[in-house]
Structure formats: structure tokens, C-alpha cells
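1. please find the sequence and the predicted model below.
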Amino acid sequence: MLIKIAAAAAGVLLLLALGLSLWRASDTRADDAAWQRLAATPRVGPAKFDPRSVDALPEPARRFFRFAIAPGAPLARVAQIEMGGEIGLGTRDAPGYQPMTARQILAAPEGFVWRVEAGSGLMRMAGSDGMVDDRSWVRFWLLGWLPVVRAGGDADHLRSAFGRVAAEAVFWSPAALLPDQGVTWEAVDGDTARATMRRGALTQTVDIRVDASGRLRSVVIPRWTNANPDKVYRLQPFGGTVDDFREVDGYRLPFRVDGGNHFGTDDYFPFFRARVQAIRMLGASDQRR
């Protein structure tokens, strides 16, 4: 009798393991398909950057583009980023930073896929965060087989994900914010300009602050998010700072990014601390040939 019970239990566990394995494989295929979808984003607008194309923008925006994009640089909206760094899994007072490695594709305003491994030991997690084709998701697995975070699939989450697209385009895909991409700009003060990015019914503003040379110093958005004690979606300041600019295919891009919720307030918690290892602007190399 005990042998039969043990055999039945083993069978159930085997079926459970198989089901979880198939589920994990389904997530991987979905991530692969979304990645390829964004990698195939067509180039629109002129082939190369002409500094005169930003003459009508507010002065901080002109400084930003002329610092970030070299004259004649191939205009590419799709960036692939490899990064390391840390993710804070706790609070501002007890951040609980864990090591992180990730690969990302960003194609503003269409979307992004961020594939990450974080944590260590029994707390090692892997999964993805993304948005493509009016769908957004968060999918994370503990130790590669136990689903621990599943979110997305609704209008609130999509709106929040689009905020990330717009904010990250500023520092990793600046060509996506040129006026011929349908982005509008307005002045905020002498060193700050506000961009408005749109995709279908989605709209997101982004405030960029630059120094006298046009070097980006900070990015902040009013993000639609439920990252608050009430777990209720509402607009909250989200942003961060950038540094360690390097030349990539005619762009000056930051290789250090720190960001989080409530930027600019006493509650700011930079839970995202990325240290970029490599950036590739898809299409830029081909246009240089």
C-alpha cells in the first residue's frame, strides 16, 4: 500500500515538474518572439542626424540632442543593452540590494523586453519585464522553476510600462525623441525641457535636465504606478540620474543609471542601479557602410 502511495505521489510530482517546465518554456518563447518583434522595428525619418533639425526646440532640448548625437550619426531607434548592477528588493531604509545581470532591447515607442537574473543562492530569480504590441507583463521564476511574480495584461500595467519606454529612450535611444518621430517638446526652465511621447492612446511626458554642455543629468516622469503602500495606481514621480557617458555608434550614452520611485522627494529609493557593459544601436552599423 505504501509503495502505491509513494508511486502515486512521485507521479504527481513528475507531472507538476513537467507542467512547470512547459510553462517556463512558454515564457521563454514569448520573450524570444517579443524580442524579435522589436528588433525588426523599421527605421523611420531621415537616415542621419542633422543638428539643424532641432533648431526649433527649446534650448535645453537642443543642447541635449547636440551632445547625445553626433552630426551625421546614423539615426537608430532600437538599442540592445547588456548590463550588470544591483536591484533593491527591500525599502529605502533596508534596500536589500541583490546582484543583477540583464539583457534588454528597447524600441521606443513600440516597447521593450528586459530579461534579467537577480539574487543569489535560494533567492536567485530570473524572468522578464516587457511591453510590445499593446501588451505588457512581468514574469519571474524562483530558481528557474517556481513562478513567484506574474503581472500585466491590463490597461494600468500597460500605461506604467510605457512610462519606462519613454524614460529609458532618453538615455539609451535619444533618436526616438527627435521631433520627426512625433515627439513634442516644451521648455520648463533654463536647463530642463519636457518631451511628450505618444503611441496610440498612450501618452507620457518626460522631463530631462542637462548641464551647460547638454550632458544629461537627470530624467523624471510622472509614472502611473501602484508602487506605494496602498497598492493603488496613481501618478508618482519616477526617475533617476545618469553618468559615465561613452561613445557608441555616433551617440554619447550613459553607462551608469540609478533610478527609482519618488525621485526628487525624501522617499526616493534608487532600487535600480545599472552598470552597462555594452550597447548596440541596431541598424546604425549597417548605415555606416
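-> Thanks, I have the structure now. Bear in mind the structure is a predicted one, so any value in this text is a computation, not a measurement.
2. export stretch 171-191 to PDB, keeping only CA atoms.
-> Presented in PDB, the C-alpha positions along stretch 171-191 are these (Å, rounded to 0.1, in the frame of the first residue of the first chain):
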ATOM      1  CA  PHE A 171      19.300  58.000 -22.300                       C
ATOM      2  CA  TRP A 172      19.600  54.800 -24.400                       C
ATOM      3  CA  SER A 173      17.800  55.700 -27.600                       C
ATOM      4  CA  PRO A 174      17.800  59.500 -28.000                       C
ATOM      5  CA  ALA A 175      17.000  59.400 -31.700                       C
ATOM      6  CA  ALA A 176      13.500  58.100 -30.800                       C
ATOM      7  CA  LEU A 177      12.800  61.500 -29.200                       C
ATOM      8  CA  LEU A 178      13.600  63.700 -32.200                       C
ATOM      9  CA  PRO A 179      10.700  65.800 -33.400                       C
ATOM     10  CA  ASP A 180      10.300  63.900 -36.700                       C
ATOM     11  CA  GLN A 181       9.300  60.900 -34.500                       C
ATOM     12  CA  GLY A 182       6.100  62.700 -33.400                       C
ATOM     13  CA  VAL A 183       7.600  63.700 -30.100                       C
ATOM     14  CA  THR A 184       6.800  67.300 -28.900                       C
ATOM     15  CA  TRP A 185       8.900  69.400 -26.700                       C
ATOM     16  CA  GLU A 186       8.400  72.400 -24.400                       C
ATOM     17  CA  ALA A 187      10.700  74.400 -22.100                       C
ATOM     18  CA  VAL A 188      10.400  74.000 -18.300                       C
ATOM     19  CA  ASP A 189      13.400  76.200 -17.200                       C
ATOM     20  CA  GLY A 190      16.800  77.100 -18.500                       C
ATOM     21  CA  ASP A 191      18.200  73.600 -18.000                       C
END
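3. just how off-centre is it within its chain?
-> Its chain's C-alpha centre and that of stretch 171-191 lie 17 Å apart, by CA atoms, centre = their mean, to the nearest Å.
4. what residues of that stretch count as buried?
-> 171-179, 181, 183, 185, 191 (16 or more other CB atoms under 10 Å). Yep, even glycine has a C-beta here, placed from its N, CA and C like the rest.
5. where do the strands sit along the stretch 1-150 of the chain?
-> In the stretch 1-150 of the chain, the strands defined using DSSP state E, counting those that start in this stretch lie at 78-88, 97-107, 111-118, 125-132, 135-142, 146-152.
6. could you list the buried residues of the shortest one?
-> Neighbour-count burial for strand 146-152, with 16+ other CB under 10 Å as criterion, is recorded at residue 152.
7. residues contacting residue 34?
-> 111, 113, 130, 132-133 (CB atoms under 8 Å, 6 or more residues apart in numbering).
8. farthest pair within those residues?
-> Pairwise distances across the contacts of residue 34 (CB to CB) peak at 11.6 Å, for the pair 113 and 133.
9. who has more neighbours out of these two?
-> Shown here are residue 113 and residue 133; by other CB atoms under 10 Å, residue 113 has more neighbours (25 against 11).
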